[in-house]
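**Q** Quick one, fold the following:
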Amino acid sequence: MAERKPIESWLTDMDGVLIHEGVPVPGAERFLKRLQESGRPFLVLTNNSIYTRRDLKARLSRMGLEVPVESIWTSALATAQFLDIQRPGGTAYVIGEAGLTTALHDVGYVLSDVAPDYVVLGETRTYSFEALTKAIRLINDGARFIATNPDHTGPSTEGALPATGSVAALITKATGRDPYFVGKPNPLMMRTGLNMIGAHSESSAMVGDRMDTDVLAGLEAGMETFLVLTGLTGPDDVDRFPFRPSAVVDSIADLVDKI
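**A** Now for the predicted structure:
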């Protein structure tokens, strides 16, 4: 096997890697500080499309984790960039929160429920029957179906919450149309992020807590991959998958000395 190049840039998931149930994972502050001291390019990734970059920076800062705004990359931003490339200045009917609507506005999209080019589904805590019905009818009338990410559930302190992938399945069942998912594990999200920081996959690493999104996305993008056990994946889960990360570590603290 060819030896990999030294790691020059890092991409890391947020929930389950840097924070867990609203508190920092031990070692996360040291990891982020070491990255910034090293000058190496890095991104903190999330499939959650609810929050803007500024929201996430403030949320992390309140926990004692300092991340520059430009080092945060969300599925909402990746979706907006994808649509801007596919159909500049288009229109979209959006089910989602400020993170998604702001990203679309910033690339010049007009939000409309009259014959839009796209129906864009993102994360929200207030899915309404009326909005879902409108989305289904627009897709049946010819709107293209886009979703920010395929995650079926999301974490909360009370337990699992239905996420974008679950709601997308409902719309698919009603329309017979599958969405194009932009977020992880689509390597598109990784490659656009790498391009944004001027990094190359062969000298980059992805850190995540999920085999089916983080590790798979990094693998398909050609990156070195590290699975941490502080999130949704346990050590016994790894062998259930037909692929493996480059390494499995207990937590982000075990990666500080690799920077």
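**Q** ok, now which ones touch His20?
**A** Counting by CB atoms under 8 Å, 6 or more residues apart in numbering, His20 touches 230-231. Using the backbone N, CA and C atoms, a C-beta is placed for each residue, glycine as well.
**Q** and the gap between it and Ala143?
**A** 37 Å (CB to CB, to the nearest Å).
**Q** How about the residue nearest the centre of the chain, nearest residue that isn't a chain neighbour?
**A** Taking CA atoms, centre = their mean, the centroid of the chain lies closest to Asn47, which sits 2.4 Å from it. Once flanking residues are discounted, Asn47 sits nearest to Asn149: 3.9 Å by CB to CB, 6 or more residues apart in numbering.
**Q** How about residues contacting the one helix or strand in the chain whose mean pLDDT sits lowest?
**A** Least confident helix or strand, the chain: strand 153-154 with a mean of 79, by mean pLDDT, DSSP states H and E. The contact list for strand 153-154 (CB under 8 Å, 6+ apart) reads 48, 123, 160-163, 166.
**Q** can you check stretch 243-259 too?
**A** By CB under 8 Å, 6+ apart, stretch 243-259 touches 4, 7, 10, 12, 17-18, 25-28, 30-31, 34-35, 38, 40, 205, 207, 211, 215-216, 218-219, 224-230, 235, 238.
**Q** cool, stretch 56-64 as well?
**A** 14, 18-19, 22-24, 29, 44, 46, 51, 66-69, 72, 74.
**Q** what's the answer for stretch 89-106, then?
**A** If you take CB under 8 Å, 6+ apart as the criterion, stretch 89-106 is touched by 48-52, 55, 74, 76-77, 79-80, 83, 108-113, 115-125, 127, 131-132, 134-135, 138, 143, 146, 148, 167.
**Q** Check stretch 27-38 too.
**A** 10, 12, 17-19, 42, 64-68, 251-256, 259.
**Q** Just the buried residues of those.
**A** 10, 12, 17-19, 42, 65, 67, 251-256, 259 (16 or more other CB atoms under 10 Å).
**Q** Identify the farthest-apart pair in these.
**A** Within the buried ones among the contacts of stretch 27-38, two members stand farthest from each other by CB to CB: Val67 and Asp254, at 19.9 Å.
**Q** Which neighbours in the sheet does the least confident helix or strand of the chain have, and how are they oriented?
**A** When pairing is defined by DSSP bridges, strand 153-154 lines up against strand 161-162 (antiparallel).
**Q** Heading C-terminal from the strand it pairs with, find the next helix or strand.
**A** Sequence order places helix 164-175 as the next helix or strand after strand 161-162, per DSSP states H and E.
**Q** can you list contacts of the following helix or strand past that next one?
**A** Next along the chain after helix 164-175, taking DSSP H and E as the criterion, comes strand 180-181. With CB under 8 Å, 6+ apart as the test, strand 180-181 has contacts from 144-150, 165, 168.
**Q** quick one: which of those sit in strands?
**A** Cross-referencing the contacts of strand 180-181 against strands under DSSP state E gives 144-147.
**Q** Please indicate which of those has the highest neighbour count?
**A** Among the ones in strands among the contacts of strand 180-181, Ala147 has the most neighbours (other CB atoms under 10 Å), with 29 neighbours.
**Q** so who does it touch?
**A** The neighbours of Ala147, taking CB under 8 Å, 6+ apart as the test, are 120-122, 164-165, 168, 179-182.
**Q** Tabulate the residues you listed (a markdown table), appending pLDDT.
**A** Output for these, formatted as a markdown table (pLDDT from 0 to 100):
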| residue | pLDDT |
| --- | --- |
| Val120 | 98 |
| Leu121 | 98 |
| Gly122 | 97 |
| Thr164 | 96 |
| Gly165 | 96 |
| Ala168 | 98 |
| Pro179 | 98 |
| Tyr180 | 98 |
| Phe181 | 98 |
| Val182 | 98 |
